[in-house]
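Student: Mind folding the following:
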Amino acid sequence: MAEFLSLQEAVSRFVSDGATVAMEGFTHLIPFAAGHEVIRQKKRDLTLIRMTPDLIYDQLIGMGCASKLIFSWGGNPGVGSLHRLRDAVEKHYPVPLTIVEHSHAAMACAYEAGAAGLPFAVLRGFIGSDLPKVNDQIKSITCPFTGEELAAVPSIRPDVSIVHAQKADRHGNVLIEGIVGVQKEAVLAATHSIVTVEEVVDELGAGPNACVLPEWAISAISVVPMGAAPSYTHGYYPRDNTFYRRWDAIARDRDTFADWMTQHVLNADAQGASQ
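Tutor: From the prediction side, this is the model:
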């Protein structure tokens, strides 16, 4: 059942060292503020999961929070590589990082299977792909009805999933508007979930086919205005494209990265307020 907590308390309570953590949000609603709180609390040995790891995962990895990454694409959208991720994989700095790469379709199916409580997902994919050669979690399975060879991947069932959304009502139900990725599935698949929101309202005003996360699926809600910046939140603020371009130079150099993180994350006040 959803409980309104400060972001600091939510992360402290539900994200432990060694946990499997998914932080989802596609194009917008990327939970930057929550990721920064994980960094401030110096969580370690995390297995991070995200379909499209971008800047927040570059920051988490560069600060030594992660030992493993499960993903289907990684980069700075429209700019280039994630330099802290590459440093961890190629040079084991600041700690070695194991990577498990899937396709987008496999990740989406794995989240859906996790949300349904299933042990694995089945899909028609990876034909002609070399991914099975480097990912031993991709198996083949024979359809018992047609005899067709299909791919199977383990379901994704995180210890905790973290997402950002526009608003929550006072009962703890959450509305996600705009582009929806796999946030719903990530929350339903997780043992615990943290949702940061822009505001709390009396009524969600959810229209037909709206994506509403029910309060029974949420462990903690933290009110964090601008909690997705520098990505955007549909209906609230735009994407900071300039920052995404600037990040390339910041992240290339270890010392420049460390200085930026110290100034803008480690020495920043934790966000989030109990309601």
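
Student: any idea whether Arg157 is helix, strand or coil?
Tutor: Here Arg157 is recorded as coil under DSSP: H, G, I helix; E, B strand; the rest coil.

Student: What's the local residue count around it?
Tutor: Neighbours of Arg157 under the rule other CB atoms under 10 Å: 21. Just so you know, the C-beta spots here come from the backbone N, C-alpha and C atoms, and that holds for glycine as well.

Student: Span of stretch 142-154 from start to end?
Tutor: Taking CA to CA, to the nearest Å, stretch 142-154 runs 16 Å from one end to the other.

Student: Can you tell me what sits against it?
Tutor: Residues outside stretch 142-154 that contact it (CB atoms under 8 Å, 6 or more residues apart in numbering) are 102, 106, 109-110, 119-126, 132, 137-141.

Student: pLDDT at Ala273, what is it?
Tutor: Looking at Ala273, its pLDDT stands at 35.

Student: now swap in Cys109 and tell me
Tutor: Listed pLDDT for Cys109 reads 98.

Student: The contacts of stretch 142-154 in helices, which ones?
Tutor: 106, 109-110, 132 (DSSP state H).

Student: what stretches of the stretch 151-275 of the chain score poorly on pLDDT?
Tutor: The model of the stretch 151-275 of the chain has pLDDT under 70 over residues 269-275.

Student: That one: helices as residue ranges?
Tutor: Using DSSP state H, counting those that start in this stretch, the helices of the stretch 151-275 of the chain run over 183-189, 241-252, 254-261.

Student: Out of those helices, the one nearest His171 is which?
Tutor: His171 sits nearest to helix 183-189 of all the helices of the stretch 151-275 of the chain, at 16.1 Å, using CB to CB.

Student: Report the buried residues of the closest one.
Tutor: 183-189 (16 or more other CB atoms under 10 Å).

Student: Could you figure out how far whichever strand or helix holds His36 is turned away from helix 254-261?
Tutor: Using DSSP states H and E, His36 sits within helix 32-40. Helix 32-40 and helix 254-261 are oriented at 110 degrees to each other (axes from the mean of the first three to the mean of the last three CA atoms, to 10 degrees).

Student: ok, then the element right after helix 32-40?
Tutor: strand 46-50.

Student: The closest residue to Ser140 other than its chain neighbours pairs with what?
Tutor: Among residues not flanking Ser140 along the chain, Glu149 sits closest, at 5.4 Å (CB to CB, 6 or more residues apart in numbering). Counting by DSSP bridges, Glu149 is bridged to Thr142.

Student: burial measure for Glu149, as a count.
Tutor: Residues within reach of Glu149, counting by other CB under 10 Å, total 11.

Student: can you count the residues close to Ile212?
Tutor: Careful, residue 212 is Val and not Ile. 14.

Student: In contact with it, which residues are there?
Tutor: 173-176, 204, 206.

Student: again, 10 Å this time
Tutor: 165, 169, 173-176, 184, 204, 206 (CB atoms under 10 Å, 6 or more residues apart in numbering).

Student: who's it bridged to?
Tutor: According to DSSP bridges, the partner residues bridging Val212 are Leu175.

Student: how close does it get to Val95?
Tutor: As for Val212, its distance to Val95 is 39 Å (criterion: CB to CB, to the nearest Å).

Student: At which residues are the strands of this protein located?
Tutor: Applying DSSP state E to the chain gives strands spanning 3-4, 20-23, 46-50, 66-71, 98-101, 120-123, 139-142, 149-154, 160-169, 174-176, 192-201, 211-213, 220-223.

Student: you'd agree Ala186 is up against His164?
Tutor: No. Contact between Ala186 and His164 fails when scored by CB atoms under 10 Å: they sit 11.8 Å apart.
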